[in-house]
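1. Quick one, what's the 3D model for this:
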Amino acid sequence: MKLGWALLYLLLATPDTAEQRLRRMLAAPSGIVHLPSGSIELTSGIQLPAGLHDVTLTGDHTVLRASRSFHGRAMIVCSGCRRVSFRNFSMDGNRDALEIRQPLPPSGAAFASFYGSNAMLFEQADGIAIENVQFANIAGFAILVNRSANVAVDHVSVADSGSRNERGRNNTTGGILLEEGSGPFSVHNSTFRNIRGNGVWTHSRYGSPRSHDGTIAGNTFSDVGRDAIQAGHATRIRVIDNQASRIGMNPEEVDVEGGGTPVGIDTSGNVDGSVYEKNRFDEVNGKCIDLDGFHDGAVRDNTCINRGRAEDYAYGNIGIVFNDASIEMRSENIVVENNELSGMKYGGIFVLGEGHTIRNNRMTRLNMAHCNESHPRFNCFVIPGEPGVLESGIYLAKGVSRVSPSRRITIEGNVVSGYKIAAHCIEAAPTVKLSENTIRNNKCLDE
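-> Numbers count the residues shown, from 1 in each chain. Here you go, the predicted model:
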């Protein structure tokens, strides 16, 4: 009997852990909740109450840290939240212990149902604000937003995050993802450093609603393994005044087998009514801007500069690339103007589709690979029967995934210079007629 009372006394006297106290605090939060200061280790995710509304969680030198044995979809999960804010704390995902080598999800799966060990996960939420939160060492995504509306991210930082697949390549994770028709949203004034996958992007499965009405502005990206920014299957997206450096410059983690060529601003799926403007890129080991799926929008006043040799860019490419992979769209009515491209491994702009305007762009130091004289060293003949693809300044294509011939395109007032560019300034595929386009007042120079 005495031993039984002694054991009961010890159990009652055992102090709560910081994690237990935090979980009690967040079991039924209301108003402004002040998180405890110091480091709090989590062994599993904190599931905030379903339908939580009108609550602010704010920290005071608070660090939420995943333990080595952590399990869960995310460190914080909020389903059906309404008007919930997160401010002034840090999250450490313990990536070294929790990374699982896994591929991209199957085409029919949402990312939220596939990857675990994310930092924050929101599903069917409305009115989420995340401000001044620092994310580091996250194995999955720092912020993963699924089927949610009115999401605002401001002044956050994400560092040293993202996982790899079984080959050691990035699997897109690490940054901020909004998927399955999320919007409106904004990601402003934030920093992304050493991200294995994409920095900020949208994604939806085929047949799902497109993400919409988003602004990605004033952010800084460095050492990103895949895309700094991607607009995927979305409408009315504004990508403005972002800076990025060293995109894809860790070649070992580039997903070459999966076709994950690094890009400054990438596009996929069906994307319209969007603007990519006043963005600045330094050292891109891939494409500067990819317009695969982009239509009825504008690309203006962007700068992309590479200063090295062709050999320094294993995945170097053409500066701006139009494409046509999505069956839901046609490449039409894109304005590309006042952009500066310098030091491209191959050409300046690869064009297909109809009704575009390409004007007043400045392209220098093109064809650093010296195609086609350097073939096969730089694989200059990528399309059989079309030797001009990589050696020309602007190339008018017949289509890639399907027939999308370049016609009714206005190309005017551009400065195009590089290796033997005077002779290969504006060229076309054999089945494309330059006469079906308006080409005037361009300056073509050798360097």
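
2. Can you list the buried residues in stretch 143-162?
-> Neighbour counts over stretch 143-162 (16 or more other C-beta atoms under 10 Å) mark 143-154, 156-162 as buried. Backbone N, C-alpha and C define where each C-beta goes, glycine included.

3. again with stretch 307-321
-> Of all the residues in stretch 307-321, those buried under the rule 16+ other C-beta under 10 Å are 310, 313, 315-321.

4. Pull the CA coordinates from it and hand them back as CSV.
-> As requested, the backbone C-alpha atoms of stretch 307-321 are provided in CSV (Å, rounded to 0.1, in the frame of the first residue of the first chain):
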residue,chain,number,x,y,z
ARG,A,307,28.5,36.3,-66.1
GLY,A,308,30.3,33.0,-66.5
ARG,A,309,31.2,30.7,-69.4
ALA,A,310,29.0,28.2,-71.1
GLU,A,311,30.8,25.4,-69.2
ASP,A,312,29.6,26.9,-65.9
TYR,A,313,26.0,26.2,-66.7
ALA,A,314,25.3,22.5,-67.0
TYR,A,315,21.6,23.1,-67.5
GLY,A,316,21.9,26.5,-69.1
ASN,A,317,19.3,27.2,-71.8
ILE,A,318,17.5,29.8,-73.8
GLY,A,319,16.6,33.0,-71.9
ILE,A,320,12.8,33.1,-72.5
VAL,A,321,11.0,30.0,-73.7
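
5. Okay, and which of the buried residues of stretch 307-321 map to strands?
-> 320-321 (DSSP state E).

6. a markdown table for the buried residues of stretch 307-321, including distance to Lys278 and pLDDT?
-> Shown next, in a markdown table, are the buried residues of stretch 307-321 (distance: C-beta to C-beta, whole Å; pLDDT from 0 to 100):
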| residue | distance to Lys278 | pLDDT |
| --- | --- | --- |
| Ala310 | 28 | 97 |
| Tyr313 | 24 | 97 |
| Tyr315 | 25 | 97 |
| Gly316 | 24 | 97 |
| Asn317 | 22 | 97 |
| Ile318 | 21 | 98 |
| Gly319 | 16 | 98 |
| Ile320 | 15 | 98 |
| Val321 | 20 | 98 |
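
7. Just the closest of the buried residues of stretch 307-321 to Ser39, please.
-> Tyr315 (39.3 Å; C-beta to C-beta).

8. I'd like the distance between Ser417 and Val187.
-> According to C-beta to C-beta, to the nearest Å, Ser417 and Val187 sit 36 Å apart.

9. Give me the more crowded residue out of those two.
-> The neighbour count for Ser417 versus Val187, taken as other C-beta atoms under 10 Å, is higher for Val187 (28 against 21).

10. Could you check how far the more buried one is from Ile237?
-> For Val187, the distance to Ile237 (C-beta to C-beta) stands at 11 Å.

11. Can you pull the residues that touch both of these two?
-> 214-216 (C-beta atoms under 8 Å, 6 or more residues apart in numbering).

12. Could you list which of those residues belong to strands?
-> Among the shared contacts of Val187 and Ile237, the members found in strands (DSSP E) are 214-216.

13. Run a quick neighbour tally on Tyr290.
-> Actually, residue 290 is Asp. It isn't Tyr. Burial measure for Asp290: 25 neighbouring residues, criterion other C-beta under 10 Å.

14. now the one 5 residues further on
-> Under the neighbour criterion other C-beta under 10 Å, His295 is assigned a count of 25.

15. With Ile128 instead?
-> Neighbour count of Ile128, defined by other C-beta under 10 Å: 23.

16. Thank you, goodbye.
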